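Asker: Fold the following.
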Amino acid sequence: MKKKDSAIKPAVCPRCGKTYTERPSVSRNDGTTLLCPDCGIREALESIGVCAAEQKQIIELIHRSQA
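Answerer: Take a look at the predicted model:
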């Protein structure tokens, strides 16, 4: 039985251009494009009408809680 490689290789987010190594998010726009986790969160928040300023605050809170 072959062991699955669990390491995620660095990728560049097509939405923001950031290089990331976390597990990617799948874009809600097309269901196939892989995004960095932050852009995945942004798309989710946009879908429920959260403004850009509040999205930034929410993402900052998430980053602080993970530190």
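Asker: contacts, neighbours, all on C-alpha from now
Answerer: OK.
Asker: any idea of the pLDDT on the residue positioned nearest the centre of the chain?
Answerer: Against the mean C-alpha coordinate of the chain, by C-alpha atoms, centre = their mean, the closest residue is Pro37 at 1.5 Å. pLDDT, Pro37: 97.
Asker: and Arg64, how many neighbours?
Answerer: 9 (other C-alpha atoms under 10 Å).
Asker: now Cys36
Answerer: Neighbour tally, Cys36, other C-alpha under 10 Å: 24.
Asker: what do you get for Pro10?
Answerer: Pro10, neighbours per other C-alpha under 10 Å, totals 11.
Asker: and the closest residue to it other than its chain neighbours, what pLDDT?
Answerer: Closest residue in space to Pro10, ignoring its immediate chain neighbours: Thr21 at 4.6 Å, by C-alpha to C-alpha, 6 or more residues apart in numbering. You'll see Thr21 listed with a pLDDT of 96.
Asker: got it, and Ala67?
Answerer: So, for Ala67, pLDDT stands at 79.
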